[in-house]
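Enquirer: need the 3D shape of this:
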Amino acid sequence: MENRAAKAIENHNKGYNCAQSVACAYCDAAGMDEETMFKVMEGFGLGMGGTYGTCGAVTGAIAVLSMRNSSGNLETPDSKGGTYKIVREVTEEFIEKNDSLVCRELKGIDTGRMLRSCPGCIEDAAEILAEILTKQGE
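Expert: Predicted coordinates:
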């Protein structure tokens, strides 16, 4: 798989938020066009709408994996367990690399000690996503 982390950073440099940066770099893997993905992920920047909650880069990766993993079965939603397992894999690896999943903590807003910059978080989330997609045979 080509280096999509670089594409995600390029997206961020164009003004995409962290969630859009990662998700749009992988929109084809999610089966979605870039404009639609961009719109869907718009509210997830700055830790979900500027609340500094869950890192947007991670939510972007999760969105891609959810699109790929969900059965889309509206009558019998049967793929949640598998999706949750993959999401835990993403979040656990991200926390292992960065000591947090929370935008506020990553940016060091309360402590003055930045754990990871937004471009660093984007790069990490994109690389973790690439690893998982490679395992899935992408």
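Enquirer: just the element for the nearest residue to residue 53 once chain neighbours are set aside, please.
Expert: Beyond its immediate neighbours in the sequence, the residue positioned closest to residue 53 (CB to CB, 6 or more residues apart in numbering) is residue 47, lying 4.1 Å away. Using the backbone N, CA and C atoms, a C-beta is placed for each residue, glycine as well. When secondary structure is defined by DSSP states H and E, residue 47 falls within helix 45-48.
Enquirer: run the chain-centre distance for the next helix or strand after that helix.
Expert: If you walk from helix 45-48 toward the C-terminus, the next helix or strand you reach (DSSP H and E) is helix 56-69. Taking CA atoms, centre = their mean, to the nearest Å, one finds helix 56-69 lying 5 Å from the centre of the chain it belongs to.
Enquirer: just checking, what packs against helix 56-69?
Expert: In terms of contacts (3 or more CB pairs under 8 Å, 6 or more residues apart in numbering; DSSP states H and E), helix 56-69 is packed against helix 18-25, helix 34-41, helix 45-48, helix 80-98, helix 118-135.
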